[in-house]
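A.B. asks: Here's a sequence, model it:
(3 chains)
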Amino acid sequence: MNTHPILQFLNEAQCQAVSSDAPALLVLAGAGSGKTRVLVHRIAWLISECGLSPHSILAVTFTNKAAHEMRSRIESLLGRPANTMWVGTFHGLAHRLLRAHARDAELDENFQILDSDDQLRIVKRVVRELGLDENEWQPKQAQWFINAKKDDGLRPKDIQHGGDLFTATMTSIYSHYEQACRQSSLVDFPELLLRAYELLRDNTHLREHYQSRFHHVLVDEFQDTNAIQYNWIKLISGRQNAITIVGDDDQSIYGWRGARIENIHKFQHDNIDCETIRLEQNYRSTSTILKAANAVIANNNDRLGKNLWTSGDQGELISLYAAFNEQEEARFIAARIQDFVNQGNNYSECAILYRSNAQSRVLEEALLQRSIPYRIYGGLRFFERAEIKDTLAYCRLITNSNDDAAFERVINTPTRGLGQKSIEIVRDLARSRQLSMWQAASVVIDEGLLPARAKNGLETFQMLIKNLASEAESMELHQLIDFVIEASGLLEMYLKEKGEKGLARKENLQELVSAAREFDADEFGYNLEDLGEAEVEEEIDPLVAFLSHASLEAGDTQAEKYEDSVQLMTLHSAKGLEFPVVFMTGMEEKLFPHQMSMEDSDDLAEERRLCYVGITRAMKKLYLLHAEKRRLWGKETYPSISRFIREIPKSLIEEVRLNASVSQPAFGRSQLQDSDSGPDGLQLGQMVEHPKFGAGVILNFEGSGPQATIQINFESVGPKRLVLAYAKLTPC
DNA sequence: CTCCGTAGCGTTTTT
DNA sequence: CGCTACGGAG
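C.D. replies: From the prediction side, this is the model:
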């Protein structure tokens, strides 16, 4: 037994992972197996035991939350700050590199970051400018295309369209979009990564500098990395440095966003000396819950393989409840939560998970009816609010008047007599003379291309921005923001809004001012004190830093954290969290697995991983719910039970009835029936096809002999009772 | 420019 | 069903 303080209280596999001296280490960390703990302890180990300087450590995560948590846990373990250690998100670190070496990356030193909203606006404009029909060539789709290509490290010139009209058109949009971004010194999220990659790839001096600096690179949630992230990691760590990657192939749920689960296999392949350690002991859930999770995920192929276990006890059976409809599903949950709380527990110990956001509405209503406090994850985040984005758009114009995205956003907000038509004139001129909107505006005024009223508006706008820019030089960041809010007329405009809305907006704007007051560029690593040979260009403007910060850390989704409340969220946002009691709702075919992911086997496997993630969120008690009837987009549907439920051993489930509960149920079976099997080898819960009614699930067998009937829940027409002898059923 | 009516559409989300 | 985005009327 190792008695080293850093290795204390770790199990054997964890100790091995923390103290491994392998140059390439892969830690396959199952849900709830102490993944973050291992990562944090390993870094502390490297510093205090292997004598590595924090300066030579690079740790990468996906979310800001994870990055902050990691740094503070390392520091508290070490008992001292480790400022020189690079800990951050892929995007945050890429941004840091680009700021420090803007010239080498061929970027304007005041470049700003586009969020997906701004990005879509620019794509839309490009599509329009190319004279393409927006219905045929949807900007959303083009945006998706561009991002997917960037995630794969492809520039327009790298794309072979081979005469394919779709690819050719999309590539052309991509190319023009790139041009527009360059014009305005704007960088979107995937561009941050791609640029940072190209920077190191094409600049030997810089690459060698960072390779000799970072002796150990650690990556969290490796299953979520995309192609460019993987290549960036490879580039920055070079051949001589150690890499630790931590991840769980079974929890890869972002394939649709470019994440490459294969990167884990690739890592093993690229590093012949790679050591693999599995963390399979789970400290979160009961063995019942783990068995269910293991059984479900076992249906996927190509896994690296892992079996979660616990030394804890069995705990309660998983409860399965078949509700009549979604309202009843919600009421059942609310009642259970109320019971749970009445027994002396907290609301915050309960989480309600769903596949898609639309499901939350009915759940909210049921909770509201019982006055159960709840908190919804997701939704608008602080820096995404319209009033905040408007204010920041003015600030961006102060920093860089050629920022077309910002220009378009506020040119007529608040209204100053500039309609669609006037803006179109500016836009056209900007395009034909290859100018930014701001530059084009001056030309339009000089050449008298606008009616008097619009011309006035445009001039007022220009004066305003120039005025703000000159004031900016003598003001503190927070004073400036405050001044912008006032002088732009935004505050006045919002206060005119009726109801609470205007006031809420005013409060948010005040919060923005305090955020600016507390903002410290150095603290967020925007100024780099120790780049050594690779020189830092001059000190970053605090406003530029604040704007980048706003884009990179959009802030929390609104919620009063201190209040004890039930947690509502999608299965995706539940990843990484845990709750004593978990309700998984809408366990129905076409909802979960989602209809759009049922055809393709890779998509289906990802849905299954999502289910695995959901199940493993539960610590003590798991409820699975499905409705026999569900209103979807105003239409009644009769969904069949999710295949994932059928993948859980029946011995782990008890079916909840309204007044009693029976263990070892068959799905939808009456309590009196004691066999799963009916005549003709048909089984309860089985999918069958009827020539007239289509597909359905067998609910029950009744009677015997020639009068025997079968009850089937059809997708098209709902539950029906048929005489078995005449029903021409084919199993499917 | 603002307001209102309707056509169209409808996973998952962080940076 | 309920939201958004856009187009026409005032």
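
A.B. asks: Not counting sequence-adjacent ones, nearest residue to the closest residue to DNA strand B within the stretch 151-300 of chain A?
C.D. replies: Going by Cβ to the nearest atom of the strand, DNA strand B is nearest to residue A:189 of the stretch 151-300 of chain A, at 3.4 Å. C-beta here means a position set from N, CA and C on the backbone, and glycine is covered the same way. Spatial nearest neighbour of residue A:189, chain neighbours left out: residue A:91 (6.1 Å); criterion: Cβ to Cβ, 6 or more residues apart in numbering.

A.B. asks: State the helix or strand in which that neighbour lies.
C.D. replies: Assigned by DSSP states H and E, residue A:91 falls within helix A:90-100.

A.B. asks: Does that helix reach DNA strand B?
C.D. replies: Yes - in terms of Cβ under 7 Å from any atom of the strand, part of helix A:90-100 sits within range of DNA strand B, namely A:91-92.

A.B. asks: Which secondary structure elements does that helix sit against?
C.D. replies: strand A:57-61, strand A:86-89, helix A:189-202, helix A:227-237, helix A:542-552 (3 or more Cβ pairs under 8 Å, 6 or more residues apart in numbering; DSSP states H and E).

A.B. asks: CSV please, covering the ones you listed and showing mean neighbour count, distance to DNA strand C and mean pLDDT.
C.D. replies: Below are those laid out as CSV (neighbours: other Cβ atoms under 10 Å; distance: least, Cβ to the nearest atom of the strand, whole Å; pLDDT from 0 to 100):
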stretch, mean neighbour count, distance to DNA strand C, mean pLDDT
strand A:57-61, 24, 31, 97
strand A:86-89, 24, 28, 95
helix A:189-202, 22, 20, 96
helix A:227-237, 22, 29, 95
helix A:542-552, 22, 20, 93
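
A.B. asks: Of all residues in the stretch 551-700 of chain A, which one is closest to DNA strand C?
C.D. replies: For the stretch 551-700 of chain A, Cβ to the nearest atom of the strand, closest residue to DNA strand C: residue A:634, 2.6 Å.

A.B. asks: for the stretch 451-600 of chain A, that is, sorry about that
C.D. replies: Closest point on the stretch 451-600 of chain A to DNA strand C, by Cβ to the nearest atom of the strand, is residue A:501, at 13.5 Å.

A.B. asks: Helix, strand, or coil at that residue?
C.D. replies: helix (DSSP: H, G, I helix; E, B strand; the rest coil).

A.B. asks: Could you give the number of residues near it?
C.D. replies: Counted with other Cβ atoms under 10 Å, residues neighbouring residue A:501 total 12.

A.B. asks: Same question for residue A:301.
C.D. replies: Neighbour tally, residue A:301, other Cβ under 10 Å: 6.

A.B. asks: What of the one 10 residues further on?
C.D. replies: By other Cβ under 10 Å, the residues close to residue A:311 number 9.

A.B. asks: residues in contact with the closest residue to it other than its chain neighbours?
C.D. replies: In space, and not counting its chain neighbours, residue A:311 is closest to residue A:281: 7.3 Å by Cβ to Cβ, 6+ apart. Residue A:281 makes contact with A:11, A:13, A:33, A:308-311 under the criterion Cβ atoms under 8 Å, 6 or more residues apart in numbering.

A.B. asks: where does chain A dip in pLDDT?
C.D. replies: For chain A, the stretches flagged by pLDDT under 70 are A:1-2, A:499, A:523-538, A:557-562, A:658-681, A:683-685, A:699-707, A:718-719.

A.B. asks: That one against DNA strand B: which residues are in contact?
C.D. replies: A:62-65, A:89, A:91-92, A:115-116, A:135, A:189-190, A:256-257, A:355-358, A:377-378, A:412, A:415, A:417-420, A:552-554, A:569-570, A:572-573, A:594, A:596-597, A:603, A:607, A:633-634.

A.B. asks: Just the buried residues of these.
C.D. replies: Buried by 16 or more other Cβ atoms under 10 Å: A:62, A:64, A:89, A:91-92, A:115, A:189-190, A:355, A:377, A:412, A:417-418, A:552-554, A:569-570, A:572-573, A:594, A:597, A:603, A:607, out of these.

A.B. asks: This completes my enquiry, with thanks.
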